[in-house]
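Q: curious how this folds, go ahead:
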Amino acid sequence: MANLTLQIEPIRSDFSLKMRIYDSLRNAIMNMNIYDDDAELRLDERKLSEQFGISRTPLREALARLEQEGLVEIQPRRGVFIVRRSKAEILEMITVWAALESMAARLITERASNEEIAELRDLFSTFDGEEVRAHIDEYSDANIAFHQKIIAMSGSELIAEITDRLLHHVRAIRARTIFEKDRASRSIVDHMHIIEALEARDADLAAKLVREHTLNLRDHVERYVDLD
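A: Predicted structure coming up:
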């Protein structure tokens, strides 16, 4: 299963050293499936400093900033660990996401162009029936991109700002659970219905379908996922 450990990318040359380290580490954590059972949550400072080719001082400064953002926890004499939320916290996050994404869908029917809405359909143009199961990793990425695009197309900076705080955890849970209980096949059907409602500019239906789709994720996590 992909993204169980940090995938460090080369640091960019257009930032200060501290910012480059922070940026690279944050991207790696954000792209990691932290709720998979085999995910490696402990960060090895020595190994990271070797990968970056730096001393531990700027690395620790970057880690301290990530701790302030709630992405990692620095435990004295134990090490640095990527933060996972409890099941109760995840359920609450998904509930909040459902409300915000539902509002975003309503705004899309008022603000987005036909061309922008058509881009949602393009995300799934290569997936149909067996294609979903045969390319589950690619579909998982498209699934997450769909929900991020719904938020972005709403044109609401505040909704985008609030959901960005939840994205890391909700995204990781979506990536983990898309493999379970044939959720991928049911997910693509839901997405097509949502797109049709948006194309029809039916605000009430689009908002309802988006909310129900995300709350179905919440129900699945509550019933089948062990996080504690």
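Q: right, and the helix or strand after the worst-scoring helix or strand of the chain on mean pLDDT?
A: Scoring the helices and strands of the chain by mean pLDDT, DSSP states H and E places helix 130-134 at the bottom, with a mean of 59. Using DSSP states H and E, the helix or strand that follows helix 130-134 towards the C-terminus is helix 136-153.
Q: what's that next one packed up against?
A: Under the contact criterion of 3 or more CB pairs under 8 Å, 6 or more residues apart in numbering; DSSP states H and E, helix 136-153 touches helix 87-111, helix 114-122, helix 157-177, helix 183-199. Using the backbone N, CA and C atoms, a C-beta is placed for each residue, glycine as well.
Q: would you map out the domains in the protein?
A: For the chain, the structural domains run 17-82, 87-224, going by automatic domain parsing.
Q: report the central residue of the chain.
A: Centre of the chain computed as the mean C-alpha position; nearest residue by CA atoms, centre = their mean is residue 171, 2.2 Å away.
Q: pretty sure it contacts residue 145?
A: No: Residue 171 lies out of contact with residue 145 (CB atoms under 8 Å); the separation is 10.1 Å.
Q: any weak-confidence spans in the protein?
A: 1-4, 9-15, 128-136, 228 (pLDDT under 70).
Q: redo that, cut-off 80
A: Applying pLDDT under 80 to the chain flags residues 1-16, 125-137, 228.
Q: quick revisit: find the nearest non-adjacent residue to the residue nearest to the centre of the chain, please.
A: residue 144 (5.3 Å; CB to CB, 6 or more residues apart in numbering).
Q: could you give the number of residues near that neighbour?
A: 17 (other CB atoms under 10 Å).
Q: cool, residue 46 as well?
A: Neighbour tally, residue 46, other CB under 10 Å: 9.
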